[in-house]
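[1] Starting from these lines, generate the structure:
(one chain, ligands or ions: 1)
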Amino acid sequence: MKIGALQKFSMIDYEGKLSAIVFTQGCNFRCPYCHNPELVKPEKYQTPVPMEIVFSFLENRIGLLDAVVITGGEPTLHRDLHVFIKRIKDLGFLVKLDTNGTNPDVLEHLVKNDLVDYLAMDIKAPLSKYSQVTRCAVDISKISRSIELIKTSGVEHEFRSTLVKNLLTEDEILDIGNLLGKKTRYFLQNFVPAKTVNEKFMQAVPLPLERINILLDKFHLNYSEVYVR
Ligand code: SF4
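    Have a look, this model is predicted:
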(Lines give C-alpha, C1' and ligand atoms only; values in the text may rest on other atoms or scores of the structure.)
Protein backbone atom coordinates (compact mmCIF):
# COMPACT_ATOMS: atom_id res chain seq x y z
CA MET A 1 0.00 0.00 0.00
CA LYS A 2 1.14 3.52 -0.69
CA ILE A 3 -0.72 5.88 1.62
CA GLY A 4 -0.70 9.45 0.33
CA ALA A 5 -2.41 10.99 3.34
CA LEU A 6 -4.18 10.20 6.59
CA GLN A 7 -7.08 12.38 7.72
CA LYS A 8 -7.59 11.74 11.39
CA PHE A 9 -11.25 12.59 11.79
CA SER A 10 -14.39 12.93 9.73
CA MET A 11 -18.08 13.02 10.59
CA ILE A 12 -19.29 13.13 6.99
CA ASP A 13 -17.44 10.51 4.94
CA TYR A 14 -19.20 7.45 6.40
CA GLU A 15 -22.80 8.29 7.22
CA GLY A 16 -23.56 7.99 10.92
CA LYS A 17 -19.99 7.01 11.83
CA LEU A 18 -16.94 8.76 13.16
CA SER A 19 -14.12 7.83 10.86
CA ALA A 20 -10.52 8.33 9.86
CA ILE A 21 -9.71 8.53 6.16
CA VAL A 22 -6.82 6.82 4.41
CA PHE A 23 -6.00 8.21 0.95
CA THR A 24 -4.13 5.79 -1.31
CA GLN A 25 -1.72 6.97 -3.97
CA GLY A 26 -2.26 6.22 -7.65
CA CYS A 27 -5.23 6.10 -9.98
CA ASN A 28 -5.90 4.52 -13.38
CA PHE A 29 -8.33 7.30 -14.38
CA ARG A 30 -7.67 10.97 -15.15
CA CYS A 31 -11.06 12.54 -14.48
CA PRO A 32 -10.42 16.19 -15.33
CA TYR A 33 -12.46 17.45 -12.36
CA CYS A 34 -10.64 15.26 -9.81
CA HIS A 35 -9.64 17.37 -6.84
CA ASN A 36 -6.86 15.05 -5.67
CA PRO A 37 -4.06 15.57 -8.23
CA GLU A 38 -1.45 14.77 -5.57
CA LEU A 39 -2.91 11.24 -5.39
CA VAL A 40 -3.32 10.80 -9.13
CA LYS A 41 -0.35 12.39 -10.92
CA PRO A 42 2.94 10.68 -10.02
CA GLU A 43 4.90 13.92 -10.35
CA LYS A 44 2.77 15.37 -7.55
CA TYR A 45 3.04 12.44 -5.13
CA GLN A 46 4.28 13.29 -1.67
CA THR A 47 6.31 10.98 0.55
CA PRO A 48 3.96 8.16 1.57
CA VAL A 49 2.73 7.98 5.15
CA PRO A 50 4.53 5.01 6.78
CA MET A 51 2.27 2.08 7.65
CA GLU A 52 3.40 2.08 11.28
CA ILE A 53 2.20 5.70 11.63
CA VAL A 54 -1.23 4.70 10.32
CA PHE A 55 -1.55 1.71 12.66
CA SER A 56 -0.14 3.41 15.71
CA PHE A 57 -2.74 6.18 15.17
CA LEU A 58 -5.56 3.66 14.74
CA GLU A 59 -4.52 1.64 17.81
CA ASN A 60 -4.84 4.86 19.81
CA ARG A 61 -8.34 5.48 18.43
CA ILE A 62 -9.89 2.13 19.34
CA GLY A 63 -13.22 2.91 21.02
CA LEU A 64 -13.07 6.54 19.85
CA LEU A 65 -13.58 6.08 16.11
CA ASP A 66 -16.07 3.71 14.47
CA ALA A 67 -14.57 3.29 11.05
CA VAL A 68 -11.83 3.78 8.52
CA VAL A 69 -12.69 5.10 5.06
CA ILE A 70 -10.25 4.00 2.35
CA THR A 71 -10.29 6.24 -0.67
CA GLY A 72 -7.89 7.52 -3.28
CA GLY A 73 -6.68 7.61 -5.88
CA GLU A 74 -8.02 4.13 -6.55
CA PRO A 75 -7.47 1.81 -3.58
CA THR A 76 -8.08 -1.43 -5.51
CA LEU A 77 -4.87 -0.89 -7.51
CA HIS A 78 -2.90 -1.91 -4.41
CA ARG A 79 -2.28 -5.64 -4.35
CA ASP A 80 -2.05 -5.80 -0.56
CA LEU A 81 -5.32 -3.91 0.00
CA HIS A 82 -6.98 -7.01 1.52
CA VAL A 83 -4.11 -7.47 3.98
CA PHE A 84 -4.30 -3.80 4.95
CA ILE A 85 -8.07 -3.98 5.48
CA LYS A 86 -7.83 -7.21 7.48
CA ARG A 87 -5.41 -5.51 9.84
CA ILE A 88 -7.81 -2.58 10.25
CA LYS A 89 -10.77 -4.87 10.88
CA ASP A 90 -8.78 -6.90 13.41
CA LEU A 91 -8.58 -3.66 15.43
CA GLY A 92 -12.39 -3.58 15.46
CA PHE A 93 -13.08 -0.80 12.95
CA LEU A 94 -15.71 -0.83 10.23
CA VAL A 95 -14.31 -0.27 6.73
CA LYS A 96 -15.80 1.82 3.96
CA LEU A 97 -14.16 1.54 0.55
CA ASP A 98 -14.45 4.10 -2.26
CA THR A 99 -13.74 2.77 -5.74
CA ASN A 100 -13.99 3.64 -9.41
CA GLY A 101 -15.05 0.05 -10.14
CA THR A 102 -12.21 -0.93 -12.47
CA ASN A 103 -11.21 -3.99 -10.43
CA PRO A 104 -14.26 -6.18 -9.81
CA ASP A 105 -12.08 -9.19 -8.89
CA VAL A 106 -10.64 -7.24 -5.97
CA LEU A 107 -14.12 -6.14 -4.88
CA GLU A 108 -15.39 -9.69 -5.11
CA HIS A 109 -12.55 -10.98 -2.93
CA LEU A 110 -13.21 -8.30 -0.31
CA VAL A 111 -16.95 -9.01 -0.26
CA LYS A 112 -16.50 -12.79 -0.07
CA ASN A 113 -14.12 -12.44 2.85
CA ASP A 114 -16.29 -9.96 4.80
CA LEU A 115 -13.65 -7.29 4.57
CA VAL A 116 -15.88 -4.33 3.71
CA ASP A 117 -18.87 -2.85 5.52
CA TYR A 118 -19.73 -0.16 2.98
CA LEU A 119 -18.91 0.21 -0.72
CA ALA A 120 -19.17 3.49 -2.62
CA MET A 121 -18.60 3.45 -6.38
CA ASP A 122 -18.23 6.49 -8.61
CA ILE A 123 -20.16 6.27 -11.86
CA LYS A 124 -18.33 8.56 -14.23
CA ALA A 125 -20.70 8.50 -17.18
CA PRO A 126 -23.06 6.29 -19.14
CA LEU A 127 -20.99 3.28 -20.26
CA SER A 128 -20.65 4.57 -23.83
CA LYS A 129 -18.95 7.76 -22.61
CA TYR A 130 -16.65 6.37 -19.92
CA SER A 131 -13.36 6.75 -21.78
CA GLN A 132 -14.25 10.25 -22.89
CA VAL A 133 -14.97 11.41 -19.35
CA THR A 134 -12.13 9.59 -17.57
CA ARG A 135 -9.58 10.43 -20.32
CA CYS A 136 -8.45 6.77 -20.25
CA ALA A 137 -9.13 3.51 -22.09
CA VAL A 138 -11.71 1.74 -19.94
CA ASP A 139 -12.78 -1.90 -19.94
CA ILE A 140 -16.50 -1.24 -19.65
CA SER A 141 -17.27 -4.88 -18.89
CA LYS A 142 -15.39 -4.43 -15.61
CA ILE A 143 -17.43 -1.36 -14.71
CA SER A 144 -20.66 -3.24 -15.41
CA ARG A 145 -19.46 -6.22 -13.38
CA SER A 146 -18.55 -4.02 -10.41
CA ILE A 147 -21.98 -2.36 -10.48
CA GLU A 148 -23.74 -5.72 -10.48
CA LEU A 149 -21.42 -7.17 -7.88
CA ILE A 150 -21.93 -4.24 -5.51
CA LYS A 151 -25.71 -4.24 -5.99
CA THR A 152 -25.96 -7.94 -5.17
CA SER A 153 -23.22 -8.04 -2.53
CA GLY A 154 -25.41 -7.73 0.55
CA VAL A 155 -22.99 -5.01 1.67
CA GLU A 156 -24.37 -1.53 2.34
CA HIS A 157 -23.53 0.61 -0.68
CA GLU A 158 -24.06 3.69 -2.78
CA PHE A 159 -23.20 4.99 -6.22
CA ARG A 160 -22.44 8.60 -6.98
CA SER A 161 -21.69 10.87 -9.92
CA THR A 162 -20.08 14.29 -10.15
CA LEU A 163 -22.10 16.91 -11.99
CA VAL A 164 -20.14 19.30 -14.21
CA LYS A 165 -21.90 21.53 -16.71
CA ASN A 166 -21.01 20.52 -20.29
CA LEU A 167 -19.37 17.23 -19.25
CA LEU A 168 -22.51 15.14 -18.91
CA THR A 169 -25.89 16.15 -20.29
CA GLU A 170 -28.94 15.79 -18.10
CA ASP A 171 -30.18 12.94 -20.31
CA GLU A 172 -26.87 11.18 -19.77
CA ILE A 173 -27.25 11.53 -16.01
CA LEU A 174 -30.73 10.02 -16.30
CA ASP A 175 -29.17 7.21 -18.39
CA ILE A 176 -26.86 6.46 -15.46
CA GLY A 177 -29.98 6.08 -13.33
CA ASN A 178 -31.26 3.49 -15.81
CA LEU A 179 -27.96 1.68 -15.62
CA LEU A 180 -28.18 1.48 -11.82
CA GLY A 181 -31.84 0.55 -11.55
CA LYS A 182 -34.73 2.14 -9.71
CA LYS A 183 -34.05 0.99 -6.16
CA THR A 184 -30.37 1.86 -5.97
CA ARG A 185 -29.00 4.53 -3.64
CA TYR A 186 -27.55 7.14 -6.00
CA PHE A 187 -26.00 10.48 -5.03
CA LEU A 188 -25.55 13.44 -7.36
CA GLN A 189 -22.55 15.48 -6.24
CA ASN A 190 -22.05 18.89 -7.73
CA PHE A 191 -18.59 19.85 -8.92
CA VAL A 192 -16.73 22.22 -6.62
CA PRO A 193 -14.20 24.35 -8.52
CA ALA A 194 -11.00 23.93 -6.51
CA LYS A 195 -7.74 22.30 -7.53
CA THR A 196 -8.26 19.83 -10.39
CA VAL A 197 -6.20 17.16 -12.15
CA ASN A 198 -6.67 19.01 -15.41
CA GLU A 199 -5.86 22.62 -14.57
CA LYS A 200 -7.99 23.91 -17.44
CA PHE A 201 -10.93 22.40 -15.59
CA MET A 202 -10.64 25.03 -12.87
CA GLN A 203 -12.85 27.09 -15.18
CA ALA A 204 -15.48 24.36 -15.38
CA VAL A 205 -18.77 25.16 -13.73
CA PRO A 206 -21.06 23.14 -11.49
CA LEU A 207 -24.53 22.33 -12.71
CA PRO A 208 -26.82 25.25 -11.78
CA LEU A 209 -29.08 24.53 -8.82
CA GLU A 210 -32.27 24.98 -10.81
CA ARG A 211 -31.09 22.34 -13.32
CA ILE A 212 -30.31 19.96 -10.47
CA ASN A 213 -33.80 20.43 -9.06
CA ILE A 214 -35.36 19.71 -12.46
CA LEU A 215 -33.16 16.63 -12.75
CA LEU A 216 -34.20 15.45 -9.29
CA ASP A 217 -37.87 15.90 -10.15
CA LYS A 218 -37.37 13.75 -13.24
CA PHE A 219 -35.55 11.09 -11.22
CA HIS A 220 -38.21 11.08 -8.53
CA LEU A 221 -40.91 10.18 -11.06
CA ASN A 222 -39.45 6.68 -11.08
CA TYR A 223 -36.59 6.50 -8.60
CA SER A 224 -36.95 6.85 -4.84
CA GLU A 225 -33.31 6.64 -3.75
CA VAL A 226 -31.68 9.53 -5.62
CA TYR A 227 -30.22 12.35 -3.54
CA VAL A 228 -28.11 15.46 -3.92
CA ARG A 229 -25.04 15.77 -1.76
S1 SF4 B 1 -11.91 11.33 -9.40
FE2 SF4 B 1 -11.14 10.07 -11.10
S3 SF4 B 1 -8.94 10.56 -11.25
FE4 SF4 B 1 -9.65 11.28 -9.24
S5 SF4 B 1 -9.23 9.61 -7.84
FE6 SF4 B 1 -11.35 9.35 -8.52
S7 SF4 B 1 -11.22 7.98 -10.30
FE8 SF4 B 1 -9.15 8.77 -9.92
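
[2] Give me the contacts around stretch 125-144.
    Contact partners of stretch 125-144, identified using C-beta atoms under 8 Å, 6 or more residues apart in numbering, comprise 28-32, 100-104, 124, 161, 167-168, 172, 175-176, 179, 198. Where you see a C-beta, it was placed from the backbone N, CA and C, and this is true even at glycine.

[3] near the ligand, from those residues?
    Contacts with the ligand are made by 29-31, 100 out of those, judged by C-beta under 6 Å from any ligand atom.

[4] And the furthest pair within the residues you listed?
    Greatest spatial distance among these (C-beta to C-beta): 30 and 100, at 11.1 Å.

[5] which of those two has more neighbours?
    Between residue 30 and residue 100, residue 100 has the larger neighbour count (other C-beta atoms under 10 Å), namely 26 against 15.

[6] That one is in contact with residue 122, isn't it?
    Yes: with contacts counted by C-beta atoms under 8 Å, residue 100 reaches residue 122, the gap being 5.2 Å.

[7] circling back: dump the ones next to the ligand among the contacts of stretch 125-144 into CSV; add secondary structure, pLDDT and distance to residue 76 as well.
    Below are these laid out as CSV (DSSP: H, G, I helix; E, B strand; the rest coil; pLDDT from 0 to 100; distance: C-beta to C-beta, whole Å):
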residue, secondary structure, pLDDT, distance to residue 76
29, coil, 98, 12
30, coil, 96, 17
31, coil, 94, 16
100, coil, 98, 8
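
[8] which outside residues touch the helix-or-strand element of the chain with minimal mean pLDDT?
    Lowest by mean pLDDT, DSSP states H and E among the helices and strands of the chain is helix 209-222, with a mean of 92. Identification of contacts with helix 209-222 by C-beta under 8 Å, 6+ apart yields 163, 170, 173-174, 177, 182, 188, 190, 207, 226, 228.

[9] Same check on stretch 50-62?
    1, 3, 6, 8, 20, 22, 65, 68, 87-88, 91-93.

[10] how near is the most centrally placed residue in the chain to residue 68?
    Residue closest to the mean C-alpha point of the chain, counted by C-alpha atoms, centre = their mean, is residue 98 at 3.6 Å. Distance of residue 98 to residue 68, given as C-beta to C-beta, to the nearest Å: 12 Å.

[11] hmm, back to that, let's see if you can find the most crowded of the contacts of stretch 50-62.
    Counting by other C-beta under 10 Å, top hit in the contacts of stretch 50-62: residue 68 with 26 neighbours.

[12] isn't there a strand covering that one?
    Yes: counting by DSSP: H, G, I helix; E, B strand; the rest coil, residue 68 is part of a strand.

[13] That one contacts residue 19, doesn't it?
    Yes: the criterion here is C-beta under 8 Å, and residue 68 meets it with residue 19 at 6.2 Å.

[14] what sits in contact with each of the two?
    With C-beta under 8 Å, 6+ apart as the test, residue 68 and residue 19 both reach residue 96.

[15] Can you check the pLDDT for the closest residue to residue 225 other than its chain neighbours?
    Spatial nearest neighbour of residue 225, chain neighbours left out: residue 185 (4.6 Å); criterion: C-beta to C-beta, 6 or more residues apart in numbering. pLDDT, residue 185: 96.

[16] who's in contact with residue 185?
    Counted by C-beta under 8 Å, 6+ apart, residue 185 has contacts 157-159, 225, 227.

[17] what are the phi and psi angles of it?
    When quoted as degrees, to the nearest 10, the phi and psi of residue 185 stand at phi -70, psi 120.

[18] Name the helix or strand for residue 179, please.
    Residue 179 is located in helix 170-180, with elements delineated by DSSP states H and E.
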